[in-house]
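Undergrad: Sequence and predicted model, in that order:
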Amino acid sequence: MTSGNNTMTNDTLLKVEHLSMKFGGLMAINDFSFEAKRGEITALIGPNGAGKTTVFNCITGFYKPTMGMITMFQKNGRQHLLERLPDFEITKKAKVARTFQNIRLFSGLTVLENLLVAQHNALMKASGYTILGLLGLPAYKRAAEAAIEKAKYWLEKADLIDRADDPAGDLPYGAQRRLEIARAMCTGPELLCLDEPAAGLNPKESLALNTLLRSIRDEGTSLLLIEHDMSVVMEISDHVVVLEYGQKISDGTPDHVKNDPKVIAAYLGVEDEELDDAIHEVEAVSGGKN
């Protein structure tokens, strides 16, 4: 292995190799490989039915892939083969958190309580699994105070601190999206996976979301997101991977991907026989350079 490859590997947070997922006779994902770099926002895009959520479900342990390896490289030097871990250990040990297309908040709990629930494991451990908490010992009190401080920190980042005592279900839709992301951050992930975080947001809410996602990246958590809103993808992503019918058709910077004839064809529904013409047109405009 060359020194250049070693450098690339050191920057790699998540490595997906030859991933395939078959449901009966349907091959949803076919020999799919990509890398997500540490300190970057990587977007996974593609037309409806391309297999994006299936890839997410394999990474986060909801599905066990038919074939392939998914390796998480942590800051402490540990490596985890995610396809071999149950979903709760992917969150706990490998430090991977996710959100879903459909918001899954505890709507009857307050905004603050939703973020404390995310720290349940740490609080239970500090409580000695109840008895130390009941006794009110100092170690548990310190853990409880730290959990509240962490929750307040992420409420500030998500611009929700003024709603801390309100029921989560009373928040506007965009604020609920940010709360769900803040709750995921309270688990201390190294990789945050977001499934269509901008879905249903108005332009003002999308702007607030972009600000939050950039701040998460800038603080050292890498992001992997599925998104249909191309304005969000092109504005905040460092790296874009494009799927079509379960296979990768493009992989690179946002500028590279948005000018890739295969991506244009996939999104515009261009027939296969028209793709060569589209490629020739792009090459003509760029002077034949690839």
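TA: Happy to help now that I have it. Numbers count the residues shown, from 1 in each chain.
Undergrad: give me the low-pLDDT residue ranges for the stretch 1-150 of the chain?
TA: Scanning the stretch 1-150 of the chain for pLDDT under 70 picks out 1-10, 120-140.
Undergrad: That one: helices as residue ranges?
TA: 3-11, 52-59, 87-92, 111-117, 120-126, 131-135, 138-157 (DSSP state H, counting those that start in this stretch).
Undergrad: What is the longest one packed up against?
TA: Think helix 138-157. When contacts are defined as 3 or more CB pairs under 8 Å, 6 or more residues apart in numbering; DSSP states H and E, helix 138-157 sits against helix 111-117, helix 120-126, helix 131-135, helix 173-185, helix 203-218. In this view, the C-beta of every residue, glycine as well, is placed from N, C-alpha and C.
Undergrad: any idea how this structure splits into domains?
TA: 1-95+189-258, 106-188 (automatic domain parsing).
Undergrad: Can I get the ones you listed in TSV including mean neighbour count and distance to L268?
TA: Formatted as TSV, those follow (neighbours: other CB atoms under 10 Å; distance: least, CB to CB, whole Å):
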stretch	mean neighbour count	distance to L268
domain 1-95+189-258	18	10
domain 106-188	17	29
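Undergrad: The ones you listed: which one's closest to A266?
TA: Set against A266 and scored by CB to CB, these come closest in domain 1-95+189-258, at 4.6 Å.
Undergrad: how about A199, secondary structure?
TA: coil (DSSP: H, G, I helix; E, B strand; the rest coil).
Undergrad: which non-adjacent residue is nearest it?
TA: Q101 (6.5 Å; CB to CB, 6 or more residues apart in numbering).
Undergrad: Over to E40?
TA: D238 (4.0 Å).
Undergrad: got the contact list for that neighbour?
TA: D238 makes contact with K37, E40, I41, T42, T253, according to CB atoms under 8 Å, 6 or more residues apart in numbering.
Undergrad: Report the inter-axis angle for whichever strand or helix holds L223 versus helix 52-59.
TA: If you go by DSSP states H and E, L223 is part of strand 222-226. Relative orientation of strand 222-226 versus helix 52-59 (axes from the mean of the first three to the mean of the last three CA atoms, to 10 degrees): 140 degrees.
Undergrad: can you list contacts of strand 222-226?
TA: Counting by CB under 8 Å, 6+ apart, 13-14, 36-45, 52-53, 56, 59, 190-197, 213, 216-217, 233, 237 sit against strand 222-226.
Undergrad: Need the mean per-residue confidence for that strand.
TA: The average pLDDT for strand 222-226 rounds to 96.
Undergrad: In terms of secondary structure, what does the helix or strand following that strand contact?
TA: Downstream of strand 222-226, the first helix or strand assigned by DSSP H and E is helix 230-236. Applying 3+ CB pairs under 8 Å, 6+ apart, we find helix 230-236 packed against strand 41-45, helix 203-218, helix 254-258.
Undergrad: now L82: how far from M69?
TA: Distance of L82 to M69, computed by CB to CB, to the nearest Å: 9 Å.
Undergrad: next one: R163
TA: Distance from R163 to M69, by CB to CB: 42 Å.
Undergrad: try L179
TA: 34 Å.
Undergrad: how about the spatially most central residue of the chain, secondary structure?
TA: Against the mean C-alpha coordinate of the chain, by CA atoms, centre = their mean, the closest residue is C193 at 1.6 Å. Counting by three-state DSSP, the backbone at C193 sits in strand.
Undergrad: heads up, I number from 44, so please use that
TA: All right, first residue 44 from here; so that's C236.
Undergrad: give the contact list for the residue lying closest to it once chain neighbours are set aside.
TA: In space, C236 comes closest to R141 once its chain neighbours are excluded; the distance is 3.9 Å by CB to CB, 6+ apart. Contact analysis of R141 by CB under 8 Å, 6+ apart lists F99, T103, A227, L235, C236, L237, D238.
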